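> got a predicted model here, sequence first, then my questions.
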Amino acid sequence: MTTARHSDTENSPDHLQRKLSNRHLQLIAIGGAIGTGLFMGSGKTISLAGPSILLIYMIIGGMFFFLMRAMGELLLANLHYKSFVDMAHDLIGPWAGYYLGWTYWLGWVLVGIADLSAVINYLGFWLPDGASFSPTQQAMISAGCVLFVMGLNLLTVRLFGEIEFWFALIKILAIIGLIGVGGYMIFSHFQAPQGAVASMSNVWSHGGLFPKGTEGFLAGFQIAVFAFVGVELVGTTAAETKDPEKNLPKAINAIPIRIILFYVLALFIVMSVTPWDHIRADKSPFVELFLNAGIPVSAIIMNLVVLSSVMSSMNSGVFSTSRMLFGLSKDGQAPGAFGRLSKRAVPSNGLIFSCIFIMGGAVLQYFVPNTMEAFTLASSLCVILFISVWSLIMVCYLRYRKLRPELHEKSTFKMPGGVWMSYIVLAFMLFTLVILALEPDTLKALYVSPVWLVILGVTYHVLYKPRLKKLGRELVNDH
């Protein structure tokens, strides 16, 4: 993609506005790092991997730091890039932009569907023991959530930033509160009603750090990776961020400390208070911690927090999918209607289109009433798609280093490790894809994923490529 394609003024009603401040961007980055995968998926990950989940999150977090640094250098090297779709189109080719944009769109639609499963799971906390929602009730709750988030996003981008700021702040305060309360319980040797005494030794005294062996450790990566979906969200806000040269590096450089605080320390506290083999795979360990400790009021508050976290994730997903469709439309890779903005500078057509597909989650709730099964299916397929997106971002960086060495030399935000680190991150992505075959439920998603490649291949050659050729002929005739 060349700079000429974005030569219009930023204040044009046809272009996204830079309304997100540093305060918004920082909290959007944190919100992306604390998703449904942490609150909902960590229970299953702990049951698969035991305490080695701490090492898993540190490894994944390290890889994502380098991924984000690569993306940050690329976005700042050319401020005409509105998102990483522009990067792929310019550095690899039109097919890469087409694949990346539509795959990222579908990935966030699947995040939204997984989030709906999580909402049902969390709302079940309020039901009497043994009671559950009927499939019809689950579908109606899901539809209501989608309509609520769509209504929020149809207003202004600044309101999105403001809502996401407060959603993220609630999550941060909740985790800090959990660390504080859990820390007090550990040092006071709090004894839960079921007999377990809070102690740091609970982390390693129930079978060691690798109680499920190598197989359990590898299996833990499958769900853990889903917790990091959204960490790249700052890459889709580039076109709507004030002073990106200053604010993007701040947001990206803070990722390692956030991973250590919000993932590693929080889960260390959880497993110190509640031994890992007492944590249920189908429940949020954050809520269960307070219930097991006999503090039901705190459990109620934490359940409200994780519900707000899910709504935050859906809010981010709807935002990013609508911006992807807007960018694809501007490049001629999606219907022109998606490239039109409302009077409030919101890509409303793309937003409504995305919400219609996320509403498919309501249908899933009807046909797969087992919320954990629906969550695992949607999240596994989502992870496969996001792995391909993250991998393409790294390929973009490698192409940039080869094609634009002068921009790399001038960069004030160079990726540490450069080319060789890019290959390590790509190898890690391939490793993650391979281990998805270890568990039967994630293997199902791996079998289904090639269908998306076929759909994209057909639509690219039938719908988009002829349009490119026609545009090329028109340009030749004009000259």
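Now that the structure is in, tell me what you want to look at. Numbering: from 1, shown residues only.
> what is the neighbour count of residue 400?
23 (other Cβ atoms under 10 Å). Backbone N, C-alpha and C define where each C-beta goes, glycine included.
> that one contacts residue 71, correct?
No: using Cβ atoms under 8 Å, residue 400 makes no contact with residue 71, being 10.6 Å away.
> tell me if I'm right that residue 58 and residue 267 touch.
No: counting by Cβ under 8 Å, residue 58 stays clear of residue 267, with 10.8 Å between them.
> list residues touching both of residue 400 and residue 71?
residue 87 (Cβ atoms under 8 Å, 6 or more residues apart in numbering).
> look at residue 58 and residue 267 and report which has more neighbours.
Between residue 58 and residue 267, residue 267 has the larger neighbour count (other Cβ under 10 Å), namely 24 against 15.
> okay, and that one sits in which element?
Residue 267 is part of helix 266-273 when elements are defined by DSSP states H and E.
> show me what whichever helix or strand comes after that helix is in contact with.
Scanning forward in sequence from helix 266-273 by DSSP H and E, the next helix or strand is helix 285-292. For helix 285-292, contacts defined as Cβ under 8 Å, 6+ apart pick out 39, 42-43, 46, 122, 125, 174, 178, 181-182, 192-194, 196, 266-267, 270, 273-274, 278-280, 296, 298-299, 302-303, 305-306.
> drop anything exposed from those residues.
Among these, those buried by neighbour count (16 or more other Cβ atoms under 10 Å) are 39, 42-43, 46, 122, 125, 174, 178, 181-182, 192, 196, 266-267, 270, 273-274, 278-279, 298-299, 302-303, 305-306.
> among these, which lie within helices?
Of these, the ones assigned to helices by DSSP state H are 39, 42-43, 46, 122, 174, 178, 181-182, 266-267, 270, 273, 298-299, 302-303, 305-306.
> grab the nearest non-local neighbour of residue 106.
Spatial nearest neighbour of residue 106, chain neighbours left out: residue 385 (6.0 Å); criterion: Cβ to Cβ, 6 or more residues apart in numbering.
> ok, that neighbour to residue 62 distance?
Going from residue 385 to residue 62 by Cβ to Cβ, to the nearest Å gives 22 Å.
> with residue 182 instead?
25 Å.
> same deal with residue 198?
29 Å.
> which strands or helices does the strand or helix carrying residue 259 pack on?
Using DSSP H and E, residue 259 maps to helix 255-259. Applying 3 or more Cβ pairs under 8 Å, 6 or more residues apart in numbering; DSSP states H and E, one finds that helix 255-259 contacts helix 22-33, helix 53-77.
> weakest of the ones you listed in terms of mean pLDDT?
When the helices and strands packed on helix 255-259 are ranked by mean pLDDT, helix 22-33 comes last with a mean of 60.
> re earlier: pull out the buried positions in the helix holding residue 259.
For helix 255-259, by 16+ other Cβ under 10 Å, it's 255, 258-259.
> just these now: which is nearest residue 164?
Residue 164 lies nearest to residue 258 out of these, by Cβ to Cβ, at 15.4 Å.
> quick one: pLDDT of that closest one?
74.
> same thing with the one 5 residues further on?
pLDDT, the model's per-residue confidence, is 80 for residue 263.
> would TSV of the buried residues of helix 255-259 with distance to residue 341 be doable?
Conversion of these to TSV gives the following (distance: Cβ to Cβ, whole Å):
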residue	distance to residue 341
255	31
258	32
259	35
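> what's around the closest residue in space to residue 197 that isn't next to it in sequence, how many residues?
In this structure, residue 197 finds its nearest non-sequential neighbour in residue 191, 5.0 Å apart by Cβ to Cβ, 6+ apart. Residues within reach of residue 191, counting by other Cβ under 10 Å, total 13.
> repeat for residue 136
Around residue 136 there are 11 residues (other Cβ under 10 Å).
> I figured residue 267 was touching residue 46, is that so?
Yes: under the criterion of Cβ under 8 Å, residue 267 makes contact with residue 46 at 7.4 Å.
> anything in contact with each of these two?
By Cβ under 8 Å, 6+ apart, the residues touching both residue 267 and residue 46 are 53, 285.
> so where is the stretch 51-200 of the chain shaky, pLDDT-wise?
Low-confidence segments of the stretch 51-200 of the chain, defined by pLDDT under 70: 156-161, 192-195.
> and residue 334, what does it touch?
101-102, 325, 328, 350.
> from those residues, which is closest to residue 215?
residue 102 (34.8 Å).
> I'd like the next helix or strand past the strand or helix carrying the residue nearest to residue 106.
Using DSSP H and E, residue 385 falls within helix 371-403. Going down the chain from helix 371-403, the next helix or strand is helix 405-410, by DSSP H and E.
> run the chain-centre distance for that following helix.
30 Å (Cα atoms, centre = their mean, to the nearest Å).
> buried sites along it?
Buried residues in helix 405-410 (16+ other Cβ under 10 Å): residue 408.
> quick one: low-confidence parts of the stretch 201-350 of the chain?
For the stretch 201-350 of the chain, the stretches flagged by pLDDT under 70 are 234-242, 292-294.
> okay, now stretch 125-133: how far is its last residue from its first?
Distance between the two ends of stretch 125-133: 11 Å, counting by Cα to Cα, to the nearest Å.
> run through who's touching that stretch.
Applying Cβ under 8 Å, 6+ apart, the contact partners of stretch 125-133 are 120, 123-124, 141, 287, 299-300, 303, 369.
> which parts of it are buried?
Quick answer for stretch 125-133 (16+ other Cβ under 10 Å): 125, 133.
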